[in-house]
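Participant: Please find the sequence and the predicted model below.
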Amino acid sequence: MARFLGFVFGVVAYLVFFVTILYAIGFVEGLLVPKTIDTGTVVPVAEALIVNLALMSLFAVQHSVMARKPFKRWLTQYIPASIERSTYVLLASLCLLLLFWQWRPMPAVVWQIADPNLALAVTGVSMIGWVLVFLSTFLINHFELFGLHQVTNNLAGRPMPPVRFKTPVLYKVVRHPIYLGFIIAFWFAPVMTVGHLLFAAVTTAYIFVGIALEEHDLVELFGDEYRGYRKRVAMIVPFLGGGAQPKKPNSVPAE
């Protein structure tokens, strides 16, 4: 029964994540959702800035702290290890949903592409960023990344397979294609408002902080194998050479 309940919890966490990421696309792109990055009640700039930074900081703290090994060791004293990842995914999703709900628009326009064909092309590039995010998760292990593999194996009474280092397809070009996809999705906007710019700038800064933390863990896990990978392969910009930090191959990462 405990294994079954853990499996149900993992499925629910995954479904919440899936709804959240779909809403995130609509939120950033301004498509098909009731509240986007540029809609809602406009408040004074100072209030909007404080609230939005607080919302993004909450997500960043949760996302980074819960991904660290010491926190995982502490957490698994109280919950089964098989649902640790699902718990992380669920709480990250809830933080994002809170952000979408409470986000304060800052509608002043920084740039706007007037040509409709060019604007459509820029939106298309942004959507390619989202495709890159999803594709990159499946190139490693999408269902392990979001906790389903762990709860499924636990339900079946199977141990998790040992973590192996591998660099499939896109991971031979950049170490962090998931993060690259997010950067493309956030910055390619035909209409860039102050609020959208704030969101893109802060999340991009957080991405590089996250990379530093994540690569530290990967070097501990894979040692010289990852150090060599880091020297050979660019971090974010393809073909720019290595030399910064590592990517999580088949490990369950913090992205």
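Facilitator: Thanks, I have the structure now.

Participant: what ranges do the helices span in the stretch 1-150 of the chain?
Facilitator: Taking DSSP state H, counting those that start in this stretch as the test, the helices found in the stretch 1-150 of the chain are 2-29, 45-65, 69-75, 84-102, 116-139, 142-145, 148-156.

Participant: could those be laid out in TSV, adding mean neighbour count?
Facilitator: C-beta: built from backbone N, CA, C; applies to glycine. Shown next, in TSV, are the helices of the stretch 1-150 of the chain (neighbours: other C-beta atoms under 10 Å):
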stretch	mean neighbour count
helix 2-29	17
helix 45-65	15
helix 69-75	12
helix 84-102	19
helix 116-139	16
helix 142-145	18
helix 148-156	19
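
Participant: Compare those helices and give me the one nearest F208.
Facilitator: In terms of C-beta to C-beta, the element of the helices of the stretch 1-150 of the chain nearest to F208 is helix 45-65, at 11.8 Å.

Participant: Now do that closest one: which elements does it pack against?
Facilitator: Helix 45-65 sits against helix 84-102, helix 194-222, with contacts defined as 3 or more C-beta pairs under 8 Å, 6 or more residues apart in numbering; DSSP states H and E.

Participant: Only C-alpha atoms, please: export the first one in PDB.
Facilitator: Put plainly, it is helix 84-102. Taking Å, rounded to 0.1, in the frame of the first residue of the first chain, the C-alpha atoms of helix 84-102 are listed here in PDB:
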ATOM      1  CA  GLU A  84      12.000  12.700  -2.900                       C
ATOM      2  CA  ARG A  85      12.200  13.800  -6.600                       C
ATOM      3  CA  SER A  86       8.400  14.000  -6.900                       C
ATOM      4  CA  THR A  87       8.200  16.200  -3.800                       C
ATOM      5  CA  TYR A  88      10.800  18.500  -5.300                       C
ATOM      6  CA  VAL A  89       8.900  18.600  -8.600                       C
ATOM      7  CA  LEU A  90       5.600  19.300  -6.900                       C
ATOM      8  CA  LEU A  91       6.900  22.100  -4.700                       C
ATOM      9  CA  ALA A  92       8.700  23.700  -7.700                       C
ATOM     10  CA  SER A  93       5.500  23.500  -9.700                       C
ATOM     11  CA  LEU A  94       3.500  25.100  -6.900                       C
ATOM     12  CA  CYS A  95       6.000  27.900  -6.600                       C
ATOM     13  CA  LEU A  96       5.600  28.600 -10.300                       C
ATOM     14  CA  LEU A  97       1.800  28.500 -10.200                       C
ATOM     15  CA  LEU A  98       2.000  31.000  -7.300                       C
ATOM     16  CA  LEU A  99       4.200  33.200  -9.500                       C
ATOM     17  CA  PHE A 100       1.800  33.100 -12.400                       C
ATOM     18  CA  TRP A 101      -1.100  33.900 -10.100                       C
ATOM     19  CA  GLN A 102       0.400  36.800  -8.200                       C
END
